[in-house]
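**Q** predicted coordinates and the sequence they were generated for:
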Amino acid sequence: MKGKAIEIVGFTKKFGDFTAVDNLSLDIYENEIFGLLGPNGSGKTTTLLTIATVYKPTSGDIYVFGHSASREDYEVRKLVGIAFQEPKAMWIDKPIDLLNWHARVVGYSGDEAKRVVREVMELLGLWEHRNKYFYQLSGGTRKKVELAKVLIQKPRVAILDEPTAQVDVLSKHALWDVIKKLREEGTTVLIATNDMFEAERVCERIAIIYKGRLRALGTIEELKDSIPRGDVIEIQFDGLLPESLRSELEAYGRLELRSNALTIYVEKGEEKVIDIVDLLKGRGVRVKKIMVKEPSLDDVFTYLTGAKLREE
Amino acid sequence: MGLLRTLLVVALWDLMKLKNQKVFIAMRFAWFTIQILVFARAVSYIVSQVVLQYTGGVEYYYFYILGVYTTLLYSASIARGYMIADEFDDGIVEYHLSLPIRRNLLAVGRVLGSSVSTIIFTIPMMLVVYYVLGVCNLAIVMVSLLSAFVFSMGIVSFVILIVFSMKSTDLTDIVVGAIDSLLVRLSTVFYPLPVIAASGIAPYYVAAVLNPISHASDFLRILVFPEYHLIAPYGPVALILYIAGFSMGLLILAIEYYEKRLEAGGWR
């Protein structure tokens, strides 16, 4: 069995009266790609920044390869590299200067630093942008500069906060391959994301966090199996749903209702869908679109929290 | 990474930023030269006869331009602090706090880097002043640079403490602006201590005697014009020890703050 790379034990972080993370406990194993999945403001970034020792825990602690983030912060920082959600640079900075400096900070000497920086910039398609000012770079290119820092550092634990946000679709796939390669080279990867497709595509295990609390933890299959009934029926309709219909629909399975759309978690969806449509039509509800599908991570998230991962 | 290499690498952060400010430096140099060669002469012409008796025989123009250089040194050090405030605003402090560097070395490295940047920034101005004064003694130039560096370390540490305590660009502006106007004015930068004493305003006099900017400018004056020590509040050794004590005290506080209290968040 793999050892623990990160051990989060009863971690709570408060900012004044606001509790950003509430009593979070989970383990991340060595050499896995682990995802923290949750909407904006759920506590993902706070958790990541505390692992990176940028924040201090209010209570509880986080251990990285056995080192306490609150008591042995320097030891932890030697093991961890982070790509921030918001790229960290000022508008007059140039990627080449930032990355050369970063390479030196993480221990490369002058010529070696230049060589590694060039390799990584070429890998990420950044070399042609090396002498541009930061304000001249697109959002996706800025995110790549953040990822480049981690690739230069090759830490034992790589923390990636929404690594492909603002990145175009083609580059996303390339970056996912880079992240997987990082893991193959021995790095434990921790990704925070609110992109369920990214989570499904890249992560081996996932923790779902909502309003600062852990809601579920497991592999993607385990999380999908956590929905007790196997299928998801999504229906879009015109007008309002009569209140009396709600209890009748709930007899088929758990119901989520949002303005002109409803989601029902059912068993044997193909069979139930005909009855449900008949029921809606009989009550004068005009159905616009109907879909029966296997549950996605988005559905798991909605099932567990009653909220959507991304605002629609 | 060894201790010295870590400090050097951290300090390079500030020097890297200086590289992108060539136009700004050139403009400040041009303005400073005009100030020294034109406005300082005009001011001296107006007041020289009145204050000559209070400058220990040093011509007021010479007294004045060393004061102007000291205020430049002070404001350039403060400006480094504003850059750090901007960095906090842009989240760069979070990045620095995540790096594999001990927090105390990060603090010392930032202070050293900011101070070296300040010195590099102000060297052209210092050379103009020394050219006008006719100083060509390398030892005097080197000691001046060293004292300027130590003074700058204190001011940078001071402003870092304010920036990180306030965690707000607006509050930093207000607090530093208020301290700035008081510190520069309640000093011997523009008026010799005997003139301030003769004014009869006791708080002004006490503030000027305690003010590190007074000590920095008076030390430079004694260095260039030894006769000035006749009217300075302390001898050169006491003045430089005062500046060193001021700077080291604030540096230790800045290190303490970085190590024990500083964390990201709460900005804006």
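**A** Nice, thanks for sending it over. Treat the numbers as computed from the prediction; the structure is a model and nothing was measured.

**Q** which ones are touching the residue in the stretch 1-150 of chain B that chain A sits nearest to?
**A** Closest residue of the stretch 1-150 of chain B to chain A, CB to the nearest CB: B:Tyr95 (3.8 Å). In this view, the C-beta of every residue, glycine as well, is placed from N, C-alpha and C. By CB atoms under 8 Å, 6 or more residues apart in numbering or on different chains, the contact list for B:Tyr95 reads A:Phe84, A:Lys88.

**Q** immediately after whichever helix or strand it is part of, which helix or strand?
**A** According to DSSP states H and E, B:Tyr95 maps onto helix B:92-98. The helix or strand immediately downstream of helix B:92-98 is helix B:103-133, counting by DSSP H and E.

**Q** mind telling me what element B:Leu18 is part of?
**A** Using DSSP H and E, B:Leu18 falls in helix B:3-19.

**Q** what's that helix in contact with?
**A** By CB under 8 Å, 6+ apart, helix B:3-19 touches A:90, A:92, A:97, A:101, A:104-105, B:1, B:25, B:80, B:83, B:96, B:101-102, B:105-106, B:108-110, B:112-114, B:116-117, B:120-121.

**Q** now do stretch A:6-22
**A** Taking CB under 8 Å, 6+ apart as the rule, stretch A:6-22 contacts A:23-28, A:43, A:46-47, A:50-51, A:55, A:57-64, A:157, A:188, A:190, A:209, A:211-213, B:265-266.

**Q** also stretch A:176-191?
**A** For stretch A:176-191, using CB under 8 Å, 6+ apart, the contacting residues are A:5-6, A:28-36, A:48, A:51, A:123-124, A:147, A:150-151, A:154-160, A:163-164, A:198-199, A:201-203.

**Q** what about the stretch 51-200 of chain B, any weak spots by pLDDT?
**A** Within the stretch 51-200 of chain B, the stretches with pLDDT under 70 are B:51-53, B:55-56.

**Q** how about 80 then?
**A** For the stretch 51-200 of chain B, the stretches flagged by pLDDT under 80 are B:51-58, B:81-82, B:85, B:88-89, B:166-170.

**Q** who in it is up against chain A?
**A** Residues of the stretch 51-200 of chain B lying close to chain A (CB under 8 Å from any CB of the partner chain) are B:86-87, B:90-92, B:94-95, B:97-103.

**Q** can you flag the buried ones in those residues?
**A** Neighbour counting by 16 or more other CB atoms under 10 Å in any protein chain shown classes B:87, B:90-92, B:94-95, B:97-103 among those as buried.

**Q** give the rounded mean pLDDT of the helix holding B:Leu18.
**A** Across helix B:3-19, the average pLDDT comes to 86.

**Q** try stretch A:275-284
**A** pLDDT averaged over stretch A:275-284 gives 86.

**Q** give me the buried entries from the contacts of stretch A:6-22.
**A** Here, 16+ other CB under 10 Å leaves A:24, A:26-28, A:43, A:46-47, A:50-51, A:55, A:57, A:60, A:62-64, A:157, A:188, A:190, A:209, A:211-213 buried among the contacts of stretch A:6-22.

**Q** just the buried residues of the helix or strand that B:Ile162 is a member of, please?
**A** Per DSSP H and E, B:Ile162 falls inside helix B:138-166. Within helix B:138-166, the residues that qualify as buried by neighbour count (16+ other CB under 10 Å) are B:141, B:143-144, B:147-164, B:166.

**Q** quick check: A:Asp161 vs A:Asn40, distance?
**A** Between A:Asp161 and A:Asn40 the distance is 12 Å, computed by CB to CB, to the nearest Å.

**Q** which residues sit in contact with A:His129?
**A** A:Pro95, A:Leu137, A:Thr141.

**Q** can I assume the second one is in contact with A:Pro95?
**A** Yes. In this structure, A:Leu137 is within contact of A:Pro95 by CB atoms under 8 Å, at 7.4 Å.

**Q** who are the contact partners of residue 43?
**A** I went with chain A, as the question did not name one. Contacts of A:Gly43 (CB under 8 Å, 6+ apart): A:Lys13, A:Ala20, A:Val21, A:Asp22, A:Leu24, A:Ile209, A:Lys211, A:Gly212, A:Arg213.

**Q** hmm, no, I was thinking of chain B.
**A** B:Val43 makes contact with B:Tyr64, according to CB under 8 Å, 6+ apart.

**Q** make sure it is indeed in a helix.
**A** Yes. B:Val43: assigned to a helix according to DSSP: H, G, I helix; E, B strand; the rest coil.

**Q** what comes up buried for stretch A:7-25?
**A** A:Glu7, A:Ile8, A:Phe11, A:Lys13, A:Thr19, A:Ala20, A:Val21, A:Asp22, A:Leu24.

**Q** filter those down to the ones in strands?
**A** A:Glu7, A:Ile8, A:Phe11, A:Lys13, A:Thr19, A:Ala20, A:Val21, A:Asp22, A:Leu24 (DSSP state E).

**Q** now do the residue positioned nearest the centre of chain A against A:Asp27, distance only.
**A** For chain A, A:Thr193 is the residue whose C-alpha lies nearest the centre (CA atoms, centre = their mean; 1.8 Å). Counting by CB to CB, the gap from A:Thr193 to A:Asp27 is 19 Å.

**Q** repeat that for B:Ile119.
**A** 50 Å.

**Q** for stretch B:214-231, which residues meet the burial criterion?
**A** B:214-225, B:228-229, B:231.

**Q** list the buried residues of stretch A:83-100.
**A** So, applying 16+ other CB under 10 Å, buried residues of stretch A:83-100: A:83-90, A:93-100.

**Q** what residues does stretch A:132-141 touch?
**A** The contact list for stretch A:132-141, computed with CB under 8 Å, 6+ apart, reads A:87, A:89-95, A:126, A:129, A:142, A:145, A:166-168, A:171.

**Q** let's see that with 6 Å instead.
**A** By CB atoms under 6 Å, 6 or more residues apart in numbering or on different chains, the surrounding residues in contact with stretch A:132-141 are A:Ala89, A:Trp91, A:Ile92, A:Asp93, A:His129, A:Gln166, A:Val167, A:Asp168.

**Q** list the buried residues in that stretch.
**A** For stretch A:132-141, burial by neighbour count (16+ other CB under 10 Å) applies to A:Phe134, A:Leu137, A:Gly140, A:Thr141.

**Q** and which of those is nearest B:Ser75?
**A** Lowest distance from B:Ser75 to those (CB to CB) belongs to A:Phe134, with 26.7 Å.
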